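Q: what follows is a predicted protein model with its sequence.
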Amino acid sequence: MTDQDSWVDQTKPSIARVYDYLLDGKDNYAVDREIGDVFKRDLPGSVAIAFANRAALVRAVREIATTTDVRQFLDLGSGLPTADNVHQVAQRHAPGSRVVYVDSDPIVLAHGRALLEDNDDTRVIQADVREPEGIRGHADTLELIDFSRPVAVIFSAILHHVNDDEDPAGIVAYWREQVPSGSYFFVSHFRSGNNPQTVEAERVLQQTFGRGRWRTDKEIEGLLEGLEILEPGIVPASLWRPEAADASQIGQAERELTVWEHLIAAGMARKP
């Protein structure tokens, strides 16, 4: 047993570790794999959600780094490190970009700090996305993020874990008020498809973690109130500004996406 294993509760599944397992990662425990296998076994094809989400995030970060002057990224609910993390994409295209990762899972903190030990422009902090003031005032956030300059705020596959009574729109609004004009917001979110797959996946999520809320495109748009939603709007993640290779695989229209790809939406907005 490693020192890390001794202080991580291995009896309770973690959202970050289940997601890691679905992405073929190695930083998970038996309890996480048990939940991940429910999706793999009982909801075949659902793993496509995780990969579609990750690919859209990479495209969004790359676009911000290459087409704007924004060089600060705040990744809220970042999850465990995988290939092409936000800092790797941003710093590859815009050296010197600064990134703060935030997650409530202690294993994310441990792995993130180990990965970033020699990266002076990136920090990982353990905090709850539902408590934004603690994130805003954290020493590592204040060290790297200059809130007088535009920031890219990332909510990748996190707001669907925030229940309605926890005011997810208020969380986004808090950060909207903290950053100046010219800041960007990227959101990906479980998308209600009004079909058996959505109902069953939402049931598994709520039964496992005691929380989780699929939302319609209109509801997801509502989370971005006060921001200018950029083209192509809130769409399935696989259709959010796909690369040329992606577009050729997708083909002519949404009809060629799998039902699972329709269940994760993505969108980017800008603060006017």
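A: Arrived safely. Residues are numbered from 1 along each chain as shown.
Q: which residues sit against stretch 116-126?
A: 78, 87, 91, 96-106, 108-109, 112-113, 135, 138, 140-141, 143-144 (C-beta atoms under 8 Å, 6 or more residues apart in numbering). For the C-beta atoms, the positions are set from N, CA and C on the backbone; glycine is no exception.
Q: buried set for it?
A: For stretch 116-126, burial by neighbour count (16 or more other C-beta atoms under 10 Å) applies to L116, D121, T122, R123, V124, I125, Q126.
Q: the residues you listed: which two are farthest apart?
A: Using C-beta to C-beta, the buried residues of stretch 116-126 reach their maximum pairwise distance at D121 and Q126, which is 19.3 Å.
Q: quick one on the thing from earlier: quick one: the buried residues of stretch 116-126 as CSV, columns for pLDDT and distance to H189 too.
A: CSV is the format used below for the buried residues of stretch 116-126 (pLDDT from 0 to 100; distance: C-beta to C-beta, whole Å):
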residue, pLDDT, distance to H189
L116, 79, 27
D121, 96, 28
T122, 94, 25
R123, 94, 25
V124, 93, 23
I125, 94, 23
Q126, 94, 23
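Q: closest to Q72 out of these?
A: Closest approach between the buried residues of stretch 116-126 and Q72, by C-beta to C-beta: D121, at 9.8 Å.
Q: could you measure from the closest one over to G112?
A: As judged by C-beta to C-beta, to the nearest Å, D121 and G112 stand 14 Å apart.
Q: three-state assignment of I49?
A: Under DSSP: H, G, I helix; E, B strand; the rest coil, the three-state class of I49 is helix.
Q: I should have written R59 there, sorry.
A: helix.
Q: quick check: closest non-adjacent residue to it.
A: Spatial nearest neighbour of R59, chain neighbours left out: R241 (5.7 Å); criterion: C-beta to C-beta, 6 or more residues apart in numbering.
Q: before we move on, what SS does that neighbour have?
A: Going by three-state DSSP: R241 is coil.
Q: ok, it - contacts?
A: The contact partners of R241, taken as C-beta under 8 Å, 6+ apart, are R59, A60, E63, P232.
Q: moving C-terminal of the helix or strand of the chain with the lowest mean pLDDT, what's the next helix or strand?
A: One helix or strand of the chain scores below all others by mean pLDDT, DSSP states H and E: helix 3-7, with a mean of 44. Sequence-wise, the next helix or strand downstream of helix 3-7 (DSSP states H and E) is helix 15-22.
Q: just give me the neighbour total for the residue nearest to S148 when sequence neighbours are not counted.
A: Spatially, and ignoring its direct neighbours in sequence, S148 is nearest to P180 (6.5 Å; C-beta to C-beta, 6+ apart). For P180, the count of nearby residues is 12 (other C-beta atoms under 10 Å).
Q: ditto for R71
A: Using other C-beta under 10 Å, R71 has 21 neighbouring residues.
Q: ok, it to P95 distance?
A: From R71 to P95 the distance is 9 Å (C-beta to C-beta).
Q: ranges for the strands of this structure?
A: Using DSSP state E, the strands found in the chain span residues 72-76, 98-103, 122-126, 152-156, 184-190, 228-229, 235-236, 264-270.
Q: and the helices in the stretch 101-250 of the chain, which stretches?
A: For the stretch 101-250 of the chain, applying DSSP state H, counting those that start in this stretch gives helices covering 106-115, 132-136, 139-144, 168-178, 196-209, 217-223, 244-250.
Q: can you give me the angle the fourth one makes with strand 184-190?
A: Just to be clear, that refers to helix 168-178. Inter-element angle recorded for helix 168-178 and strand 184-190: 170 degrees (by axes from the mean of the first three to the mean of the last three C-alpha atoms, to 10 degrees).
Q: mind listing what's buried in helix 168-178?
A: Result for helix 168-178 [16+ other C-beta under 10 Å]: buried residues P168, A169, I171, V172, A173, W175, R176, Q178.
Q: equivalent analysis for the third one, please.
A: Within helix 139-144, the residues that qualify as buried by neighbour count (16+ other C-beta under 10 Å) are D140, T141, L144.
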